Every structure is written in structure tokens, then in C-alpha cells.
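> model this:
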Amino acid sequence: MKQLLYEIAGHRMLIETPDAEKTAKLLPSFDPFRVESDGKEDLLFLFSGNTDVSIPDSAPHDVMEADGMSFDVYHSASSVTVCVTNGDKKHCFNLSADRKIVISDLTLTQPYENQFLAYFLRAAYGMAAANHQTIKIHASVIEKGGKALVFMGKSGTGKSTHSRNWLKFVPDCQLLNDDEPIIRVLNDGSVRVYGAPWSGSTPCYRNASAEVAAFVRLYQSPENKLTKLSGVNAFASLFQSVAILRSDKENRDMTMTTVNDILEQTPIYRLDNRPDREAVSLTESLMV
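Now for the predicted structure:
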């Protein structure tokens with residue numbers, strides 16, 4: 001059995017596969033995150049395929065649809081099972097109770113499995129990393145000089161547009177991620193944002209990180225106004241942007257703790273905005 005090792009936001013996941021190069025070709029956006037083993041891995045989880053995954057004989061605890069695929073989620077005392085249907089194909093994975101072992105029924109070699117494998121890894125990463133003060137959020141991130149602003153908001157509120165305007169108007173800044181960056185609270189209490197192998201429709205897969213200067217939730221408006229949030233408003237603003245499996249109580253509780261830890265260190269703002277240079281100037285003032 002061959003192995004592929006990836007490191008995302010400082011967390012390592014190992015894939016056991018019959019053909020490492022075929023599996024790697026299924027995950028092109030993961031290439032910047034591939035690392036060589038040093039023999040001392042503290043793995044977030046071990047992922048393997050070619051295993052029959054038992055589907056519980058009960059109704060799923062959660063049913064979702066996204067990107068033309070449907071998802072059935074089952075919880076038990078010992079594990080979480082997720083089954084994904086895409087057209088006439090259906091595959092499942094199971095995550096152990098300690099979040100350390102992921103098994104799936106994928107061969108890890110067939111080209112059509114690329115969407116299944118990328119989703120399985122993303123979902124397993126989110127659930128396992130919650131145990132390590134790490135969350136995935138729906139956001140667009142701009143980095144400059146080692147610091148970053150994390151732009152949040154509902155679809156269509158201008159997250160990506162605001163980042164593009166930063167790239168247009170502010171010298172020496174870079175897009176770090178445009179869909180699901182990773183946020184970590186480190187042992188010293190600092191809060192960092194990391195690039196990830198998933199970035200929505202924008203191909204931005206950077207293995208890089210920056211200190212979070214501020215989180216900013218965007219709202220479309222005929223005028224530009226920046227307001228600092230506090231208390232329950234700050235918590236709600238960040239928590240509703242977190243990508244979590246909400247039917248998983250343990251995952252949800254750990255995520256809430258991490259969000260509270262982030263709020264102790266990093267400010268959160270509301271930006272009512274037009275898509276223009278003035279709005280960029282308001283958020284640029286936060287990059288201190």
C-alpha cells in the first residue's frame with residue numbers, strides 16, 4: 001500500500017492508496033499541500049479506501065444538497081457516516097469516534113471519484129480539526145505584510161468583489177483564499193488564517209498563512225459604513241460563517257468554544273458597503 005501525506009494549516013492527513021500518483025491526480029488542488037514524511041507524523045487522521053462502509057438501518061440525522069449532490073449523514077456513539085450521491089454514483093465514508101480513522105468505499109484510482117474524494121477529505125478535516133481549535137469558514141481573505149483581513153457574508157454580498165477591489169487598489173496585497181480558509185487559535189493565543197486546497201470558483205490554493213488583523217462581515221448598502229461588533233452580535237457574525245456539520249453536537253460545541261477564543265483576541269466588524277475604493281479604504285484602516 002502506498003501513502004500520500006498532506007499538511008493543511010499545520011494538520012497532517014495521511015492517505016493509504018494502492019496507487020499514489022493516480023490518487024494525487026484526483027486531488028490537483030491539494031498539490032501545494034503535499035509533504036514528505038519525516039517518520040514522526042502526529043496525524044489529524046488516516047484515510048483509506050476499498051472498504052465496505054456499513055450504512056445504519058435508520059433514517060439519516062441530516063440530509064443536505066449542494067453542487068448537484070445529495071448528502072445523508074448518520075451519527076452513532078462510535079462514528080459518523082456520510083453518504084454522497086452524485087448522479088448515478090453513490091459513495092460513503094465513516095469517521096471514527098476519536099476522529100482519527102476515516103474509511104471509504106472509494107477505489108482512490110478512478111477519475112470520476114475526484115469530487116467524492118475531495119468532499120470526503122474536506123468534511124473529515126472539518127470534523128477532526130474542530131478538536132484542535134481549528135475551524136473552516138466561508139470567507140474571502142486578503143493578506144498583506146503577514147497580516148490578513150477575513151471578509152465574511154452571505155452569498156452575493158460582495159466578499160470576492162471586495163477582495164478583488166483590494167487587489168485593484170492596494171499595492172502588495174495578495175488573495176490567500178476565496179472560499180473556505182482555515183482559522184486556528186495557536187497555543188500562544190494568536191489567531192492565524194491559512195490557505196486551503198478548496199477555494200470555490202477561484203483557483204487560489206496557497207499553502208501560506210497570516211495573522212488575522214480583523215474579521216469583517218459584509219452587507220450591500222448604498223453607503224459605506226464600518227462598525228465594530230461586540231458581544232452576541234460579534235459571536236453570531238463569526239459563528240454563522242463557520243463551515244460545520246451542525247447535526248454533530250460535539251463538533252458544534254467545540255466550534256463554539258473556538259469562536260469564543262477567537263473573539264477574545266481578534267476584532268470583528270460589520271461593513272455596509274458599495275463595491276468601490278472608499279469601502280476598501282475603510283477596511284484598509286484595520287490592517288495594523
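> So, low pLDDT: which residues of this structure?
Scanning the chain with the threshold set as pLDDT under 70 gives 40-41.
> Just the helices from it, written as ranges.
With DSSP state H, the ranges of helices along the chain come out as 20-25, 114-129, 159-169, 231-239, 249-265, 277-284.
> Could you give the separation of the fifth one from the chain centroid?
Per CA atoms, centre = their mean, to the nearest Å, the displacement of helix 249-265 from the mean C-alpha position of its chain is 15 Å.
> repeat for the fourth one
From the chain centre to the centre of helix 231-239 is a distance of 19 Å (CA atoms, centre = their mean).
> what's the answer for the third one, then?
Between the centre of helix 159-169 and the centre of its host chain there is 21 Å, according to CA atoms, centre = their mean.
> what residue is smack in the middle of the chain?
Among the residues of the chain, the one closest to the centroid is Lys136, at 3.3 Å (CA atoms, centre = their mean).
> residue contacts, it?
Arg122, Tyr125, Gly126, Ala129, Glu180, Pro181, Ile182, Ile183, Ala196, Val242, Ala243, Ile244 (CB atoms under 8 Å, 6 or more residues apart in numbering). (Glycine included, C-beta is placed from N, CA and C.)
> give me that answer again for 6 Å
Counting by CB atoms under 6 Å, 6 or more residues apart in numbering, Lys136 touches Gly126, Glu180, Ile182, Ala243.
> ok, now how distant is it from Ala130?
Here the criterion is CB to CB, to the nearest Å. By it, Lys136 lies 9 Å from Ala130.
> Check His11 too.
Where Ala130 is concerned, His11 sits at a distance of 11 Å (CB to CB).
> Likewise for Ser78?
Ser78 is 18 Å from Ala130, where distance means CB to CB.
> Neighbour count for these two, which is higher?
Legend: neighbour count by other CB atoms under 10 Å for Ser78 and Ala130, higher for Ala130 (25 against 9).
> how many other residues sit next to the closest residue to the more buried one other than its chain neighbours?
Leaving aside its chain neighbours, Ala130 sits nearest to Met254 (4.4 Å; criterion: CB to CB, 6 or more residues apart in numbering). By the measure other CB under 10 Å, the count of residues near Met254 is 20.
> Double-check Met254 against His132; I have them as touching.
No. Applying CB atoms under 6 Å, one finds Met254 not in contact with His132, separated by 9.0 Å.
> Verify the stated contact: Leu117 with Ala24.
No. Look at Leu117 against Ala24 with CB under 6 Å: they stay out of range, at 10.7 Å.
> how about His11, what does it touch?
Going by CB under 6 Å, 6+ apart, His11 touches Leu44, Ala129.
> where's it relative to Val193, distance?
According to CB to CB, His11 and Val193 sit 14 Å apart.
> and if you look at Ser230?
Counting by CB to CB - Ser230 and Val193 are separated by 21 Å.
> ok, those two, which is more surrounded?
Applying other CB under 10 Å to Ser230 and Val193 shows that Val193 carries more neighbours, namely 28 against 10.
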